[in-house]
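[1] next come a sequence and a model predicted from it.
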Amino acid sequence: MFRIVAFVLVIYTVLRFVLPLRAAWPAKAALSVFIVAAAFKQQFFTHIGGHFFSPELPKLVIEGYTAAFVALAVLFALTLCRDLLLVLRSIARAADAWRTGSGMYYGVFSSSGISPATAALMLALSLAVGVYGVYEAQRQPRIVEREAAFAELPPEFDGYRIIHLSDLHISASRKAPWTAELVRRIAELEPDMILMTGDFIDGTVEARRGDVEPLAGLRARDGVFGVLGNHEYYFGWREWTARLEELGVDILFNEHRIIRRGDAALAVAGLPDGYSARYGGGVPDERRAIEGAPEGAFVIVMDHRPGNARANAAAGADLQLSGHTHGGMVRGLARVIAKYNGGFVNGWYDVDGMKLFVSPGTGIWNGFLTRIGVPSELTVLTLRRDGE
């Protein structure tokens, strides 16, 4: 798929932007080389960086190459919009020619080419969007306070504060300093519990050992719990489970933990990712994960992917926390992403009497290191008893 996208970007942009450009051939040739190089970013990451999901390249190379790819995508879109306007103009002129009887108009796509000033404006706008998208993806996540009310919540847990983290993707471009700053900001929030819904990393334990070390500083009154995402399975889920538990993250596999306030109970359950069976990690089993929870307990399920929400609701969950979608990453892509995630992509959903929250992500994968209109988020979720 990535090759197809690359070829489409190259062919269309060269034919409809570079060739019509009123400029000397050396300039056109240089621009064409840039377009080809930018389009095949993922192939460069894989073959030079060593891994599709975790290119081990300098941070500036990853950021710069991604900015160039996004700029190309924006230039493609701008060129397409220009061509659509040319088509509409040609249709209008043809209609006018037919109406006035002045003869058939054949000028579809006819123009005097793209002026250097127009091209410079299109290129500048494309590069600005590319740089901004990478900056927004790499910055520390915004702290977002959210509340949710539940009739099933025991009064003892009214006001309970949970920090939800998802898709940190600690990687070659987000190393120990980024992680340490995130942990420092979380400490200031003094949560009751921290829940982490997968995709902690990109890379092997050996490559990321020091970069995840600051996670040992996570503290919450009732503990730090997590589930694995699909990316942990790409890089040795057993090794990552052991490493994360060394750092104080209690990784849950079809099981739950009980938090008590007097006679009231809150159950935190966790499911392995849907990829787990492929890598020998067992099958997600929502009923087994919740089975044995005290009667009347408020049940929170961590499930990396949101698409299993209806099954989790049927099993008795009151709240599901998920990630995986990165919120769509770019405004306008939500419907495409939702199509492959059960219709869920970002924010709150009511699912068969259960509330589902899908995080837009605390970090983001290096393979698509951009955010435009969909910022990352450090979620502070306060539980409220309905009507209070």
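    Structure received. Computed from a predicted model, the values in this text were never measured in an experiment. Numbering: from 1, shown residues only.

[2] can you list the weak-confidence ranges in the chain?
    Residues of the chain meeting the criterion pLDDT under 70: 102-112, 387-388.

[3] specify the residue positioned farthest from the middle of this structure.
    Largest separation from the mean C-alpha position in the chain: residue 101, at 55.5 Å (Cα atoms, centre = their mean).

[4] okay, now the residue lying closest to residue 315 once chain neighbours are set aside: neighbour count?
    Once flanking residues are discounted, residue 315 sits nearest to residue 286: 4.1 Å by Cβ to Cβ, 6 or more residues apart in numbering. Any C-beta I mention is one placed from the backbone N, CA and C, and that applies to glycine too. Residues within reach of residue 286, counting by other Cβ atoms under 10 Å, total 22.

[5] tell me the spacing between residue 286 and residue 298.
    Going from residue 286 to residue 298 by Cβ to Cβ, to the nearest Å gives 16 Å.

[6] in a helix, residue 380, correct?
    No: per DSSP: H, G, I helix; E, B strand; the rest coil, residue 380 lies outside any helix segment and is strand.

[7] check contacts around it.
    143, 144, 145, 146, 161, 162, 163, 189, 191 (Cβ atoms under 8 Å, 6 or more residues apart in numbering).

[8] just to check, residue 198 is in contact with residue 227?
    Yes: counting by Cβ atoms under 8 Å, residue 227 is a contact partner of residue 198 at 5.3 Å.

[9] and those two? Which one has more around it.
    In terms of neighbours (other Cβ under 10 Å), residue 227 is the more surrounded of residue 198 and residue 227; the figures are 32 against 28.

[10] mind listing the strands for the stretch 201-350 of the chain?
    224-227, 250-251, 255-261, 264-270, 298-302, 319-322, 347-351 (DSSP state E, counting those that start in this stretch).

[11] how about these, which one is nearest residue 282?
    Closest approach to residue 282 among the strands of the stretch 201-350 of the chain is made by strand 255-261 (11.0 Å; Cβ to Cβ).

[12] quick one: neighbours of residue 167, just the number.
    Residues near residue 167, counting by other Cβ under 10 Å, number 25.

[13] show me what contacts it?
    Contact analysis of residue 167 by Cβ under 8 Å, 6+ apart lists 197-199, 229, 323-324, 326, 359, 361-365.

[14] and residue 175, by the same measure?
    59, 210, 211.

[15] the second one contacts residue 176, doesn't it?
    Yes: with contact defined as Cβ under 8 Å, residue 210 reaches residue 176; the gap is 5.6 Å.

[16] neighbour-wise, which of those two wins?
    residue 176 (15 against 10).

[17] any chance of the strands of the stretch 201-350 of the chain in JSON lines, plus distance to residue 75?
    Converted to JSON lines, the strands of the stretch 201-350 of the chain look like this (distance: least, Cβ to Cβ, whole Å):
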{"stretch": "strand 224-227", "distance to residue 75": "39"}
{"stretch": "strand 250-251", "distance to residue 75": "43"}
{"stretch": "strand 255-261", "distance to residue 75": "50"}
{"stretch": "strand 264-270", "distance to residue 75": "43"}
{"stretch": "strand 298-302", "distance to residue 75": "40"}
{"stretch": "strand 319-322", "distance to residue 75": "34"}
{"stretch": "strand 347-351", "distance to residue 75": "31"}
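
[18] tell me the most buried of those strands?
    The highest average neighbour count among the strands of the stretch 201-350 of the chain, using mean count of other Cβ atoms under 10 Å, belongs to strand 319-322 at a mean of 28.

[19] quick one: that one to chain centroid distance?
    How far strand 319-322 lies from its chain's middle: 16 Å, per Cα atoms, centre = their mean, to the nearest Å.

[20] contacting residues around the residue farthest from the centre of the chain?
    With contacts defined as Cβ under 8 Å, 6+ apart, residue 101 has no neighbours.

[21] roughly how far apart are it and residue 89?
    To residue 89, residue 101 is 20 Å away according to Cβ to Cβ.

[22] can you check residue 284 too?
    54 Å.

[23] between the two, who's got more neighbours?
    Applying other Cβ under 10 Å to residue 284 and residue 89 shows that residue 284 carries more neighbours, namely 24 against 15.

[24] just checking, the more buried one touches residue 276?
    Yes: counting by Cβ under 8 Å, residue 284 does reach residue 276; the two are 6.8 Å apart.

[25] how about stretch 131-151: buried residues?
    Neighbour counts using 16 or more other Cβ atoms under 10 Å place 131, 133, 134, 136, 137, 138, 141, 148, 150 of stretch 131-151 among the buried residues.

[26] can you tell me which of these is nearest residue 215?
    Closest approach to residue 215 among the buried residues of stretch 131-151 (Cβ to Cβ): residue 141, at 15.0 Å.

[27] for that closest one, which non-adjacent residue is closest in space?
    Closest to residue 141 by Cβ to Cβ, 6+ apart is residue 376, at 3.9 Å.

[28] and that neighbour, backbone torsions?
    Backbone geometry at residue 376, expressed as degrees, to the nearest 10, gives phi -70, psi 160.

[29] that one - how many residues pack around it?
    By the other Cβ under 10 Å criterion, the neighbourhood of residue 376 contains 25 residues.
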